[in-house]
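> No letters, just coordinates:
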């Protein structure tokens, strides 16, 4: 919200709005909000809050230079065709408009993801092919943003907070998304009994769950770019960051 810095009267698109609770907060600040999500039940919940909400995939945005800002929170890691989505976001923004987003970043839920993929592989399925997420590195996402036409003002990996309270919710959510209908019973056994290494991966929250990627980008690839260095500790002894300088843009990533 601080990075978005919403102003009353601005027209803002909430991409992946979920149940609309955060969208409603922006609307209450005086913003003209449009909310989209691929989930029909979520859109129905958002409409009950009085929001202008539509069941639209992030890969199928129909807008053209309509918004002062596009905002997204905890949704973009579900969109695997990131280039298609970013092109739609760029097209939806007015010239000079801003894109502010936070999503799962590289390393998010790594141990759970690995344990679930290995469990599927042992059962004769291609576990990797069933992974529904895209957790990008800083360099990968910055390149995609710039390729879409954005000027990247800031980007960083944010370390996890204390997320033990989300432990049971995440397991159910992960299993529901990763396992097909044919494997729902197996998924239930995995989440309750901790077989195939899943129990070890999740017990006492011994996993890097909440690593998030946060970025601000501007519509229009100006030749003179804001110099900003985002350097945040993501794990003991590990620091990730990027530096943008005047064109041609040079990036350095420290690990």
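Yep, that arrived. Every value quoted in this text rests on a predicted model; they were computed, and no experiment measured them. Numbers count the residues shown, from 1 in each chain.
> all strands of this structure, in order?
11-15, 32-37, 53-55, 67-73, 93-104, 150-158, 212-219, 229-235, 238-243 (DSSP state E).
> who's in contact with the longest one?
Contact with strand 93-104 is made by 3-4, 15, 65-77, 89-90, 133, 135, 145, 150, 158, 211-220, as judged by Cβ atoms under 8 Å, 6 or more residues apart in numbering. The way it works is simple: take the backbone N, C-alpha and C, and place the C-beta from them, glycine included.
> mind listing what residue 70 touches?
Here residue 70 is in contact with 12-13, 15, 89, 92-93, 97-101 (criterion: Cβ under 8 Å, 6+ apart).
> Save the strands of the chain as a markdown table, and put in mean pLDDT too.
A markdown table is the format used below for those (pLDDT from 0 to 100):
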| stretch | mean pLDDT |
| --- | --- |
| strand 11-15 | 98 |
| strand 32-37 | 98 |
| strand 53-55 | 98 |
| strand 67-73 | 97 |
| strand 93-104 | 95 |
| strand 150-158 | 92 |
| strand 212-219 | 86 |
| strand 229-235 | 36 |
| strand 238-243 | 29 |
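> I'd like those strands laid out as CSV, including distance to residue 123.
Below are the strands of the chain laid out as CSV (distance: least, Cβ to Cβ, whole Å):
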stretch, distance to residue 123
strand 11-15, 35
strand 32-37, 32
strand 53-55, 33
strand 67-73, 34
strand 93-104, 25
strand 150-158, 33
strand 212-219, 31
strand 229-235, 31
strand 238-243, 33
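> right, so of those strands, which gets closest to residue 140?
Taking Cβ to Cβ, strand 212-219 is the member of the strands of the chain nearest to residue 140, at 9.7 Å.
> related to what we said a few turns ago, among the contacts of strand 93-104, the buried ones, what's the ChimeraX command?
Burial among those is assessed by 16 or more other Cβ atoms under 10 Å; the matching ChimeraX selection reads:
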select :4,15,66,67,68,69,70,71,72,73,75,76,77,89,90,133,135,145,150,158,211,212,213,214,215,216,217,218,219
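> low-scoring pLDDT stretches of the stretch 101-250 of the chain, where are they?
161-210, 221-250 (pLDDT under 70).
> my read: residue 133 touches residue 76, true?
No: in this structure, residue 133 is not within contact of residue 76 by Cβ atoms under 8 Å, at 9.9 Å.
> Excluding chain neighbours, what is closest to residue 10?
residue 68 (4.3 Å; Cβ to Cβ, 6 or more residues apart in numbering).
> For that neighbour, give me its contacts.
Applying Cβ under 8 Å, 6+ apart, we find residue 68 in contact with 10-12, 93-94, 97-98.
> what's the closest of those residues to residue 53?
residue 12 (13.0 Å).
> What's the local residue count around that closest one?
Applying other Cβ atoms under 10 Å, we find 25 residues neighbouring residue 12.
> Roughly how far does it sit from residue 59?
Counting by Cβ to Cβ, to the nearest Å, the gap from residue 12 to residue 59 is 20 Å.
> Show me just the buried residues among the contacts of residue 68.
10, 12, 93, 97-98.
> Residue 157 versus residue 77, what's the distance?
Counting by Cβ to Cβ, the gap from residue 77 to residue 157 is 13 Å.
> now swap in residue 44 and tell me
34 Å.
> Just want to know which of the two has more residues nearby.
residue 157 (26 against 13).
> residues of stretch 54-61 that come out buried?
By neighbour count with 16+ other Cβ under 10 Å, stretch 54-61 contains the buried residues 56-58, 61.
> Of the residues you listed, which is the nearest to residue 112?
Closest approach between the buried residues of stretch 54-61 and residue 112, by Cβ to Cβ: residue 58, at 23.5 Å.
> wait, doesn't that closest one sit right on residue 13?
No: between residue 58 and residue 13 there is no contact under Cβ under 8 Å: 10.4 Å.
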